[in-house]
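Participant: just a sequence and a predicted model for now, questions to come.
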Amino acid sequence: MSQTEWFVEGDEDAAVNLDGHRFATGDTGAPMLCNLFCKSQGRHVHIAPCRADEEDGCNEEGVEHIGSDIGREAHDWITHRLFWARSGFKDPYTNAEQHEFALCDRRCGGEEHDPTVNPGAAPSLCQLPLFHPPASPDDAPAAGHVSHDGHVYHCKSPATLRRSFHILFALDRSGSMRLDDCRPLANTPASERITQNADNRFGAALSSIYGFWLAREGTQRPGQAEVLQDAYTVVAFDHEATVVCSNDVGSKADALLDMLPADATEDGGTNFTQAIRLLQRELEAAGPSERYPVVIFMSDGECRFDEEAAYDLCRAAVRLGKPLAFHTVAFAGETGGSVYLERMTNIAREIFDAAPADPLIPPGVNHCSFHNAVDTVQLANTYLSIADSLVNPRAALRLRRA
């Protein structure tokens, strides 16, 4: 294996750990034993130069094109079976091992499978073949689930095993949100409806929230055990703050979207403090509840705020019985625009860590975070860890480039 090097899917920090070694892209494959390489990885892929003339021409069974540029020529991920078929040598692994290697390498993101949270836990892996098309929710096993990205698991949906939430959105609709350097996601059920009025940053925010609601809707199927439904509150703000949706339970994503402003204001300023105070009023009006409170605060600008307002909001949640998970999302655009959102998040972290222990929150876990981008599915996946699959970095050895 001395003539090979690793390619690891992901950014420059992506790495895999195998047999006590950590490998990143460009590292030599010399430490790996040829006859144990596949077995060491478990479910895995191989890498090969792309045989198609164009990127979208990789239609051979057992092939998935790699969209990123990893060298001088295009490459594909290929299955273990296809790798050995192309090699001209007999596959040295047992039938049982070959069957395992042919299965999808994606795993369920439930905390019950995470050994850092649940010692001794084993991963729950997708039951379909590698490179399968997304499965329909109707294909879920009797005691399992289909994730939002179409993988099939024999475990319960993480969403049904977790808490329900009162999710409060603070949505910036100031004048700068009309800039068109960030637009709504395309090819979603609401894309056309949103872009008709807001083909801009504000539309991107609407599309993000809409996708979040769709993801939460998908956590329940007929026949699943009933869980308490989420409640939604939306506060829209510029230089003033207004409640546009208050503690709503039961409305579907399309109905909730209809309640939101169609576009940002033309010349409105930004007032974080008023938005925070209004969030506190809404939280206190809802009163003590089994739902866990979550704030997702979205803005594209910088705005000084009264820090006591943020402390009061977070302490109000603790006083009502549960710590506040506080997530801030900064849109691309204004230099330094994240400074105050990050400070807001740090205040929330401080109060979250000091709150009384909760049996449904693992020790040492803090559900407050700052993000510098907006992505429809990531909001649902990152903030509430609903059923989207975690992705292990794919890695494979290739011949070292000259």
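Facilitator: Happy to help now that I have it.
Participant: rest of the way, CA atoms for contacts and neighbours
Facilitator: Fine.
Participant: dihedrals phi and psi, residue 215?
Facilitator: phi -60, psi -40 (degrees, to the nearest 10).
Participant: can you tell me the SS state at residue 177?
Facilitator: helix (DSSP: H, G, I helix; E, B strand; the rest coil).
Participant: an error on my part: the question was meant for residue 243.
Facilitator: Per three-state DSSP, residue 243 ends up strand.
Participant: excluding its backbone neighbours, what's nearest it?
Facilitator: Leaving aside its sequence neighbours, residue 243 sits nearest to residue 235 (Cα to Cα, 6 or more residues apart in numbering; 4.5 Å).
Participant: before we move on, which element is that neighbour in?
Facilitator: Residue 235 is part of strand 231-237 when elements are defined by DSSP states H and E.
Participant: now that strand - C-alpha only, PDB.
Facilitator: Taking Å, rounded to 0.1, in the frame of the first residue of the first chain, the C-alpha atoms of strand 231-237 are listed here in PDB:
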ATOM      1  CA  ALA A 231     -45.500  25.000  19.200                       C
ATOM      2  CA  TYR A 232     -44.300  27.900  17.000                       C
ATOM      3  CA  THR A 233     -43.900  31.600  17.700                       C
ATOM      4  CA  VAL A 234     -42.500  34.100  15.100                       C
ATOM      5  CA  VAL A 235     -41.400  37.600  16.000                       C
ATOM      6  CA  ALA A 236     -40.600  39.800  13.000                       C
ATOM      7  CA  PHE A 237     -38.500  42.900  13.600                       C
END
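Participant: list the contacts for the residue nearest to residue 243?
Facilitator: For residue 235, the contacting residues are 168, 169, 170, 171, 241, 242, 243, 244, 245, 275, 278, 279, by Cα atoms under 8 Å, 6 or more residues apart in numbering.
Participant: go again with 6 Å.
Facilitator: 170, 242, 243, 244 (Cα atoms under 6 Å, 6 or more residues apart in numbering).
Participant: bridged to it, which residues?
Facilitator: Judged by DSSP bridges, the bridge partners of residue 235 are residue 170, residue 243.
Participant: that one and residue 105, how far apart?
Facilitator: Using Cα to Cα, to the nearest Å, we find residue 235 at a distance of 40 Å from residue 105.
Participant: please apply the same query to residue 142.
Facilitator: For residue 142, the distance to residue 105 - Cα to Cα - is 22 Å.
Participant: so which of those two has more stuff around it?
Facilitator: Between residue 142 and residue 105, residue 105 has the larger neighbour count (other Cα atoms under 10 Å), namely 22 against 11.
Participant: so what's the more buried one up against?
Facilitator: residue 43.
Participant: for it, give me the pLDDT.
Facilitator: For residue 105, the model assigns a pLDDT of 87.
Participant: helix or strand for residue 301, which one?
Facilitator: With DSSP H and E as criterion, residue 301 is part of no helix or strand.
Participant: do you know the pLDDT at it?
Facilitator: For residue 301, the model assigns a pLDDT of 81.
Participant: which ones are touching residue 180?
Facilitator: Counting by Cα under 6 Å, 6+ apart, residue 180 has contacts 200, 201.
Participant: could you confirm it falls within a helix?
Facilitator: No: Residue 180 sits outside any helix when classified using three-state DSSP, being coil.
Participant: can you give me the helices in the stretch 51-200 of the chain?
Facilitator: For the stretch 51-200 of the chain, helices defined by DSSP state H, counting those that start in this stretch occupy the ranges 80-87, 95-101, 158-161, 191-195.
Participant: Serialize the ones you listed to JSON lines and add fields for distance to residue 25, mean neighbour count and mean pLDDT.
Facilitator: JSON lines is the format used below for those (distance: least, Cα to Cα, whole Å; neighbours: other Cα atoms under 10 Å; pLDDT from 0 to 100):
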{"stretch": "helix 80-87", "distance to residue 25": "20", "mean neighbour count": "14", "mean pLDDT": "88"}
{"stretch": "helix 95-101", "distance to residue 25": "22", "mean neighbour count": "15", "mean pLDDT": "92"}
{"stretch": "helix 158-161", "distance to residue 25": "32", "mean neighbour count": "18", "mean pLDDT": "62"}
{"stretch": "helix 191-195", "distance to residue 25": "37", "mean neighbour count": "19", "mean pLDDT": "92"}
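Participant: among the contacts of residue 235, which one lies nearest to residue 316?
Facilitator: Within the contacts of residue 235, the smallest distance to residue 316 is 16.9 Å, found for residue 170 (Cα to Cα).
Participant: quick one: mean pLDDT over the helix or strand hosting residue 274.
Facilitator: If you go by DSSP H and E, residue 274 is part of helix 272-286. Averaged over helix 272-286, pLDDT sits at 97.
Participant: so for the helix or strand just after it, what gets flagged as buried?
Facilitator: Where DSSP H and E defines the elements, the next helix or strand beyond helix 272-286 is strand 292-299. Of all the residues in strand 292-299, those buried under the rule 16 or more other Cα atoms under 10 Å are 292, 293, 294, 295, 296, 297, 298, 299.
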